[in-house]
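Asks: When you get a sec, could you give me coordinates for this:
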Amino acid sequence: MVTASDAFPSKYLKATDLNDGPAVVTIKLAELERIKGFDGKEQPKVVVYFAKKYKPLILNRTNFDAITDIADSGETDDWIGTRIELFTTPVTFNGKTADGVRVRKPNGTDKPKKAAASKGVEAKPDFNDQIPFGPEGDE
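Replies: Okay, the predicted model is just below:
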């Protein structure tokens with residue numbers, strides 16, 4: 001049996017490329033490229049390339065912003081080496097709903113707090129809040 005993706009392979013990542021489920025990938029490169037849109041006109045888009053296995057992903061604003069948050073930088077040069085998770089979810093585009101590729105932070109990649117990392121122990125919360133009592137605290 002031949003599927004549409006078999007008959008018309010794309011050089012860019014699509015939701016059907018993630019049929020095995022979400023994938024954690026490492027960004028190798030992000031470049032601004034001229035990509036032909038549905039209207040046939042070329043326009044500049046950021047394309048993210050990954051270290052292994054997966055095709056490059058053309059970013060929309062949602063995925064660009066997600067990577068910016070994960071990498072803690074809006075500069076694409078700073079994204080190199082950042083691990084992200086690719087997953088599919090239903091999206092609406094041009095009035096039609098279909099699966100689309102989205103980006104999120106992989107589980108277990110939170111940066112440890114500096115105090116906890118330097119001491120090698122979990123940081124303790126500070127419970128030393130000042131609470132006014134007595135006549136000067138009443139209003």
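
Asks: what pLDDT does Lys36 get?
Replies: On pLDDT, Lys36 comes in at 92.

Asks: Not counting sequence-adjacent ones, nearest residue to it?
Replies: Nearest non-adjacent residue to Lys36, counting by Cβ to Cβ, 6 or more residues apart in numbering: Glu42, 5.3 Å away. C-beta: built from backbone N, CA, C; applies to glycine.

Asks: Report the separation between that neighbour and Thr76.
Replies: 19 Å (Cβ to Cβ, to the nearest Å).

Asks: Spit out the contact partners of the residue nearest the centre of the chain.
Replies: The chain has Val103 as the residue nearest its centroid, 3.4 Å off, counting by Cα atoms, centre = their mean. By Cβ atoms under 8 Å, 6 or more residues apart in numbering, the contact list for Val103 reads 63, 66-67, 70, 84-87.

Asks: Would you check how far apart the residue nearest to Lys36 and Ala51 are?
Replies: Going from Glu42 to Ala51 by Cβ to Cβ gives 27 Å.

Asks: what do you get for Val25?
Replies: On the measure of Cβ to Cβ, Val25 and Ala51 end up 7 Å apart.

Asks: before we move on, the earlier item: so if I had to pick from Glu42 and Thr76, which one is more boxed in?
Replies: Thr76 (20 against 11; other Cβ atoms under 10 Å).

Asks: surely that one meets Lys28?
Replies: No - checked against Cβ atoms under 8 Å, the pair Thr76 and Lys28 is beyond contact range at 11.7 Å.

Asks: tell me, which helix in the chain spans the most residues?
Replies: Across the chain, the longest stretch assigned as helix under DSSP state H is helix 61-71.
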